[in-house]
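Chemist: Fold the following and give me the result.
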Amino acid sequence: NNIIGLNPTRTFVLPNGSDGIALLADGNAAIRDNVISGNAAQGVLLQGSSTVAVEFNVIGLRGSANNVNDNSAAGNGQSGIWIDGSPGCAAGPGNRIAANGGFGVRISGDAADGTTVRGNYIGISNGNAARPNAVGVLVEGGADATSIGAAGDADRNTISGNTFEGVRITGAGTDGGIVRNNRIGTAPDGTGDLGNGSRGVRVDSGAGTTEILDNLISGNGSDGVSFEASTGSPKVQGNTIGLDAAGNPLPNAQSGVAIAAASTGVLVGGGSVPNTIAGNANYGVYIADAGTSANTVQGNLIGGSGGRGNVLAGVTLRNGAQDNLVDANTIVGQAAAPGVEIAGASTRLNSVRGNRIGIDATEAVVANQVGVRLGEGAHDNAIGSSGRNTISGNSGAGLLLSAAGSFRSRGWRKSPTAGCPPAIAHRQET
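Modeler: Numbers count the residues shown, from 1 in each chain. Prediction:
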């Protein structure tokens, strides 16, 4: 119950010249019920330590966790909590970590395995105003098996209002993380736009298998979830991306899920754990770039009725993405865009099969502008081969070719006839 970095009445900053609290090569400790703000470096530094719990603190604001004074920013100069090479540590429950100059929570180093980040408010005041850290939670440098959130309501983090990403997992050897049951970009109750300034969750630069499960990820300033040069077998399952907790549109400013820059092996949905990806300001799911391959989008609801469609295509494959699968989704309500779009001369060998495109699970029409569009030279892609799509009820063509190359539909191959105009609707096989 200490005040570290402020004057006793918490009205102004009296910084310590380095960290507020530093545990170096120590362990089995608890840091609890403190106000740790205004310090020159980290609020809390755990370096070479183990099994330390940091809980029920205010880090970067004034006051106690239940005091209106903690609305006022008094950030530490660097991270709120930095867990560096320290295994088995816990950030939370009950911390409010906001207004710090660097990361809210930073987890780094090969030895920093098994960290939990649960039950915190990261980037907002207790009045639900944005008090940004630069990034909400950063996991890097080979830290494995980090758990951000968990299944219970008390384990849920609210990670909102930060300047850049809500959560970033980065670097080769950073594997086995789970991001589960968090509010990322919204208020704690799942309503209201408190978006992070960039992506909700970003996995990049060789980071391996990460599971993103059962989160509400909406209102962020870029993509809801992005994979950039990621590896392993990441999963995005059971999330709502682009709506609030009541099902109203709360768009991410770019795509709901973006898979790019030679990312491989991402599973979006699958089995009995679909995502709802709706209301986003660009694409529902964006899959792009050379080397982006072997990704699967399966069993999701992409778009919806009542203005819940994504502004651009429900799913787009473009810019050289190859050998990806779009399977057994319901893709509806992209009123001004295709349900599925495949574009670009080097975009090939992708398969779209077993989807409902233009009708929902009750067979009610929820039209896309066009069912499936192939354009800009995309070729050797399969539409319905080895699994029939239902492409019905769309406002325009079911299947539209716009300067496209060859494609296959249910096992037959069709090439545009020489001399045809650049945009031709080809027949849909049922």
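Chemist: And stretch 31-40, how far out from the chain middle?
Modeler: Here the centre of mass of C-alpha atoms in stretch 31-40, compared against the chain's by CA atoms, centre = their mean, to the nearest Å, lies 29 Å away.
Chemist: show me where the stretch 51-200 of the chain has strands.
Modeler: Using DSSP state E, counting those that start in this stretch, the strands assigned to the stretch 51-200 of the chain run over residues 53-55, 58-59, 81-84, 90-91, 96-97, 103-108, 116-117, 121-122, 135-140, 147-148, 158-159, 167-170, 177-180, 183-184.
Chemist: Check the separation of the first and last residues in stretch 124-134.
Modeler: As for stretch 124-134, its first-to-last residue distance stands at 12 Å under the measure CA to CA, to the nearest Å.
Chemist: rewinding a little: which one of the strands of the stretch 51-200 of the chain lies nearest to Leu24?
Modeler: In this view, the strands of the stretch 51-200 of the chain are compared for proximity to Leu24 by CB to CB, and strand 81-84 is the closest at 9.8 Å. All C-beta spots, glycine's among them, are computed from the backbone N, C-alpha and C.
Chemist: contacts for that closest one?
Modeler: Where contact means CB atoms under 8 Å, 6 or more residues apart in numbering, the residues beyond strand 81-84 that reach it are 42-48, 54, 59, 89, 91, 95, 97, 103-109, 112, 115.
Chemist: Can you list the strands that that strand pairs with?
Modeler: strand 44-47 (parallel), strand 103-108 (parallel) (DSSP bridges).
Chemist: Out of these, indicate the one that is most buried.
Modeler: Per residue and on average, the most neighbours among these fall to strand 103-108, with a mean of 29 (mean count of other CB atoms under 10 Å).
Chemist: Could you tell me the angle between that strand and strand 135-140?
Modeler: Strand 103-108 and strand 135-140 meet at an angle of 10 degrees, taking axes from the mean of the first three to the mean of the last three CA atoms, to 10 degrees as the criterion.
Chemist: What's the mean pLDDT across strand 103-108?
Modeler: Across strand 103-108, the average pLDDT comes to 98.
Chemist: how many neighbours does the nearest residue to Arg318 once chain neighbours are set aside have?
Modeler: Once its chain neighbours are removed from consideration, Arg318 has its nearest residue in Ala343; the separation is 4.4 Å (CB to CB, 6 or more residues apart in numbering). Counted with other CB atoms under 10 Å, the neighbours of Ala343 add up to 22.
Chemist: just the one 4 residues further on next, same as before
Modeler: With neighbours defined by other CB under 10 Å, the count for Thr347 comes to 32.
Chemist: How about the contacts made by the spatially closest residue to Gly195 that is not a sequence neighbour?
Modeler: Counting by CB to CB, 6+ apart, Gly219 is the residue found nearest to Gly195 once chain neighbours are left out, at 3.7 Å. With CB under 8 Å, 6+ apart as the criterion, the residues that contact Gly219 are Ser160, Gly185, Thr186, Asp193, Leu194, Gly195, Asp244, Leu250, Pro251, Asn252.
Chemist: Kindly report the same for Asn162.
Modeler: In this structure, Asn162 makes contact with Gly104, Ile122, Gly123, Pro132, Asn133, Ala134, Val135, Gly136, Asn196, Gly197, judged by CB under 8 Å, 6+ apart.
Chemist: among the residues you listed, who's most crowded?
Modeler: Busiest of the contacts of Asn162 [other CB under 10 Å] is Ile122, holding 37 neighbours.
Chemist: distance of that residue from Gly149?
Modeler: 11 Å (CB to CB, to the nearest Å).
Chemist: Residue ranges in this structure under the pLDDT threshold?
Modeler: Low-confidence segments of the chain (pLDDT under 70): 64-70, 405-430.
Chemist: now the closest residue to Arg183 other than its chain neighbours, which residues is it bridged with?
Modeler: Closest residue to Arg183 in three dimensions, ignoring its sequence neighbours and counting by CB to CB, 6+ apart: Thr158, at 4.5 Å. In this structure, Thr158 bridges to Tyr121, Arg183 when assessed by DSSP bridges.
Chemist: quick one: Thr158 and Ile217, what's the gap?
Modeler: Separation of Thr158 from Ile217 (CB to CB) stands at 12 Å.
Chemist: more crowded one of these two?
Modeler: Neighbours around Thr158 and Ile217, counted as other CB under 10 Å, are more numerous at Ile217. The numbers are 35 against 27.
Chemist: you'd agree the more buried one is up against Asn239?
Modeler: Yes. With the criterion set as CB atoms under 8 Å, Ile217 and Asn239 qualify as a contacting pair; they are 5.9 Å apart.
Chemist: any common contacting residues for those two?
Modeler: Shared contacts of Ile217 and Asn239, defined by CB under 8 Å, 6+ apart, comprise Gly224, Val225.
Chemist: quick one: Val326 and Val340 touch, right?
Modeler: Yes. The pair Val326 / Val340 is scored as a contact, 6.2 Å apart, by CB under 8 Å.
Chemist: got a list of what the residue nearest to Gly396 when sequence neighbours are not counted touches?
Modeler: Once flanking residues are discounted, Gly396 sits nearest to Val370: 4.5 Å by CB to CB, 6+ apart. With contacts defined as CB under 8 Å, 6+ apart, Val370 is in contact with Ala337, Pro338, Gly339, Asn394, Ser395, Gly396, Ala397, Gly398, Leu400.
Chemist: Could I get the contacting residues of the second one?
Modeler: Under the criterion of CB under 8 Å, 6+ apart, the neighbours of Pro338 are Ala313, Gly314, Asn368, Gln369, Val370, Gly371, Val372, Arg373, Leu400.
Chemist: mind listing what's buried in stretch 225-235?
Modeler: Residues Val225, Ser226, Phe227, Glu228, Ala229, Ser230, Thr231, Gly232, Pro234, Lys235 are the ones in stretch 225-235 that count as buried (16 or more other CB atoms under 10 Å).
Chemist: Good, wrapping up.
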